[in-house]
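J.: Okay, structure incoming, though there's no sequence with it:
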């Protein structure tokens, strides 16, 4: 696997629609935002096959023509939505992670803020998971980009002596897998533990498990 | 969440079809096995919506009437298939885990044998993942049952003093998430690392991370 794939890892934070036409005006940006939020609600509720462009434009309160200004098809808005949700997670987590005092603490606040994001955006699991069937490339890009960010953070921690020197790709996939299923269990399926409790337990596992020799 | 759900956790190991009629003869058992293997191939290749009962019976080399002896619908054979794959993973991993010298080594051979299983049954990810959309209860049962097994193993290790005494549900979800994504990355998407290499790295994380105080 060649590391970063697709646009997610390197695209500007607020350009989730690099394949679609990019709006040039503030009004255009608001319209595109409304379409993507409506698409999240529509596909999150009904799934890809039962979701429709006309319902997306109704939810967004925009004309059908506005939709086609930005997207050519239902597949295209779905792909853009996956990239958008992926970017939303990244942008929600990033400031917390950047403010953390060390490389392991960064993973703790990263997981905690991810769990909070998931509780407010439960549709994210259904949408990302369905992308495996609608657009395999977006699905892989979402996870590969997430892993690259975790790996970069862990390697930064390793250079600072906070994380074992040989930390790498396998560790990053392990950490991401933990986060995805802790998010599903404690963010989407049940709220019987707080994000702080869950992140504390998972982070102690990493702090000891990835400690420098 | 109430712990064990559905039949998977408590059903006998070779009864993946408790909802369907259970065959009483050896010939019936072979027919049912052929139908389930054909369903795995059909749904793994085409997905649930494009898969069909007639193609399943053709692949299995059985008459349509034989299908309806065991299942009433495409949904029902799909549900039985998810339980069957879940049970196959469990039965493949169990003897390795039981032979392990301690509670953490059990997780290592558990992951290694899971990675080997996945390489031989790549369709498992597509089928389990699609169950989220076809039959949410089977999807949850698969993961909740996996977590219960991991949790029971870790708690056994804790009683023996091999694992931290307060090991619990959050750790079990973390371990399962690691395993699921390591399986996706190194079992389905790429084989650039051996199951042994991947399991060794992940297990060192657990051995240190879950060590008794």
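T.: Looks like it arrived, so ask away. As the structure is a computational prediction, the values presented were derived from the model and not from experiment.

J.: what mean pLDDT does the helix or strand hosting residue A:137 have?
T.: Per DSSP states H and E, residue A:137 falls inside helix A:136-159. The average pLDDT within helix A:136-159 is 97.

J.: And residue A:190, its phi and psi?
T.: Residue A:190 adopts backbone torsions of phi -150, psi 150, taken as degrees, to the nearest 10.

J.: any idea how far residue B:144 is from it?
T.: The spacing between residue A:190 and residue B:144, counted by C-beta to C-beta, to the nearest Å, is 11 Å. In this view, the C-beta of every residue, glycine as well, is placed from N, C-alpha and C.

J.: Which of the two has more residues huddled nearby?
T.: residue B:144 (21 against 10; other C-beta atoms under 10 Å in any protein chain shown).

J.: Next one: the more buried one from chain A, what distance?
T.: 9 Å (C-beta to the nearest C-beta, to the nearest Å).

J.: Just give the closest residue to the residue nearest the centre of chain A, not the sequence neighbours.
T.: Geometric centre of chain A, nearest residue: residue A:86, 2.9 Å, by C-alpha atoms, centre = their mean. Closest residue in space to residue A:86, ignoring its immediate chain neighbours: residue A:142 at 4.6 Å, by C-beta to C-beta, 6 or more residues apart in numbering or on different chains.

J.: tell me which strands and helices the helix holding residue A:137 is in contact with?
T.: helix A:74-98, helix A:103-120, helix A:123-134, helix A:169-183 (3 or more C-beta pairs under 8 Å, 6 or more residues apart in numbering or on different chains; DSSP states H and E).

J.: can you list contacts of the third one?
T.: For helix A:123-134, the surrounding residues in contact (C-beta atoms under 8 Å, 6 or more residues apart in numbering or on different chains) are A:40-41, A:43-45, A:47-48, A:75, A:78-79, A:81-82, A:85-86, A:89, A:117-118, A:138-139, A:142, A:183-184, A:188, B:47, B:126, B:129-130, B:132-133.

J.: So the residue nearest to the centre of chain A sits against residue A:145, correct?
T.: Yes: when contacts are counted by C-beta atoms under 8 Å, residue A:86 is listed as touching residue A:145 (6.5 Å).

J.: Find the nearest non-adjacent residue to residue A:81, please.
T.: That would be residue A:39: by C-beta to C-beta, 6+ apart, it lies 4.8 Å from residue A:81.

J.: check contacts around the nearest residue to residue A:153 once chain neighbours are set aside.
T.: For residue A:153, ignoring the flanking residues on the chain, the nearest one in space by C-beta to C-beta, 6+ apart is residue A:106 at 5.4 Å. By C-beta under 8 Å, 6+ apart, the contact set of residue A:106 is A:97, A:98, A:100, A:153, A:157.

J.: Show me just the buried residues among these.
T.: A:97, A:100, A:153, A:157 (16 or more other C-beta atoms under 10 Å in any protein chain shown).

J.: so where's chain A shaky on pLDDT?
T.: Scanning chain A for pLDDT under 70 picks out A:1-20.

J.: For the helix or strand encompassing residue A:65, enumerate the helices and strands it packs against.
T.: Assigned by DSSP H and E, residue A:65 falls within helix A:64-70. Here helix A:64-70 touches helix A:26-50, helix A:53-60, helix A:74-98, going by 3+ C-beta pairs under 8 Å, 6+ apart.

J.: could you redo the last one with a cut-off of 6 Å?
T.: When contacts are defined as 3 or more C-beta pairs under 6 Å, 6 or more residues apart in numbering or on different chains; DSSP states H and E, helix A:64-70 packs onto helix A:53-60.

J.: Enumerate the residues of chain A near chain B.
T.: A:1, A:129, A:132, A:170, A:173-174, A:176-178, A:180-182, A:185, A:190, A:198, A:201-202, A:205, A:208-209 (C-beta under 6 Å from any C-beta of the partner chain).

J.: Filter the residues you listed down to the buried ones and express that as a ChimeraX selection.
T.: Buried residues among the residues of chain A next to chain B (16+ other C-beta under 10 Å), as a ChimeraX selection:
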select /A:129,132,170,173,174,176,177,178,180,181,182,185,198,201,202,205,208,209
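
J.: which of the residues in stretch A:68-84 are buried?
T.: By neighbour count on 16+ other C-beta under 10 Å, the buried set for stretch A:68-84 is A:70, A:71, A:74, A:77, A:78, A:79, A:80, A:81, A:82, A:83, A:84.

J.: Tell me how chain A divides into domains.
T.: Per automatic domain parsing, the structural domains of chain A span A:20-72, A:74-209.

J.: what's the closest of those domains to residue B:57?
T.: Ranking these by proximity to residue B:57 (C-beta to C-beta) places domain A:74-209 first, at 24.2 Å.

J.: Centre of the chain to that closest one, how far?
T.: 7 Å (C-alpha atoms, centre = their mean, to the nearest Å).

J.: can you check stretch A:52-72 too?
T.: Offset of stretch A:52-72 from its chain centre (C-alpha atoms, centre = their mean): 24 Å.

J.: residues of that stretch that come out buried?
T.: So for stretch A:52-72, counting by 16+ other C-beta under 10 Å, buried means A:53, A:55, A:56, A:57, A:59, A:60, A:62, A:66, A:67, A:70, A:71.
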